[in-house]
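**Q** model the structure of this input:
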Amino acid sequence: MSNAIRPDDTQLKVYTMLVDQIQKYNTILWQFPAAVLAANFLALDKFSPRPHILFCVAALDCILAYVFQRLVAQQKAIIKASRNMESVLKLTSYAEFVPNFGSSRFH
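**A** This next block holds a predicted model:
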């Protein structure tokens, strides 16, 4: 390693915490839509002769879509915080271990 500044334990712990949170959110973001889609197919099959119940299912879907949007917004905030911490860690002796991902066209 070079003679650059060594990060303190707090910086490494914060970065580890942020990466763990991103992994947890990724798990939820993949499972959540699949579960809602499966539940909708089952509800449509079971409650097709009862339109008032299907209306309640549609209202619940709108609420769940809002919750999903909030999850995505919160994950974006965690990603932004982890990028900020990566920029701090790039100034330390661990700079070569910080991944350098290209920017995405989709935000």
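**Q** buried ones in the least confident helix or strand in the chain by mean pLDDT?
**A** Least confident helix or strand, the chain: helix 9-47 with a mean of 88, by mean pLDDT, DSSP states H and E. By neighbour count on 16 or more other C-beta atoms under 10 Å, the buried set for helix 9-47 is Val14, Tyr15, Leu18, Gln21, Tyr25, Val36, Asn40, Ala43. For glycine as for every other residue, the C-beta is placed from the backbone atoms N, C-alpha and C.
**Q** who are the packing partners of it?
**A** Counting by 3 or more C-beta pairs under 8 Å, 6 or more residues apart in numbering; DSSP states H and E, the packing neighbours recorded for helix 9-47 are helix 51-89.
**Q** next, the angle from the helix it packs on to helix 9-47.
**A** 160 degrees (axes from the mean of the first three to the mean of the last three C-alpha atoms, to 10 degrees).
**Q** from here on, count from 50
**A** Okay, using 50 as the starting number, the last item reads as helix 100-138.
**Q** so which elements touch helix 100-138?
**A** Under the contact criterion of 3+ C-beta pairs under 8 Å, 6+ apart, helix 100-138 touches helix 58-96.
**Q** so how far is the helix it packs on off the chain centroid?
**A** 7 Å (C-alpha atoms, centre = their mean, to the nearest Å).
**Q** what do you get for stretch 91-105?
**A** Put simply, stretch 91-105 sits 31 Å off its chain's centre (C-alpha atoms, centre = their mean).
**Q** roughly how far apart are the nearest residue to Leu103 once chain neighbours are set aside and Asp110?
**A** In this structure, Leu103 finds its nearest non-sequential neighbour in Phe96, 5.4 Å apart by C-beta to C-beta, 6 or more residues apart in numbering. Phe96 is 13 Å from Asp110, where distance means C-beta to C-beta, to the nearest Å.
**Q** swap in Gln70?
**A** To Asp110, Gln70 is 27 Å away according to C-beta to C-beta.
**Q** residues near the nearest residue to Glu135 once chain neighbours are set aside, how many?
**A** Leaving aside its chain neighbours, Glu135 sits nearest to Val147 (5.0 Å; criterion: C-beta to C-beta, 6+ apart). Applying other C-beta atoms under 10 Å, we find 15 other residues in the vicinity of Val147.
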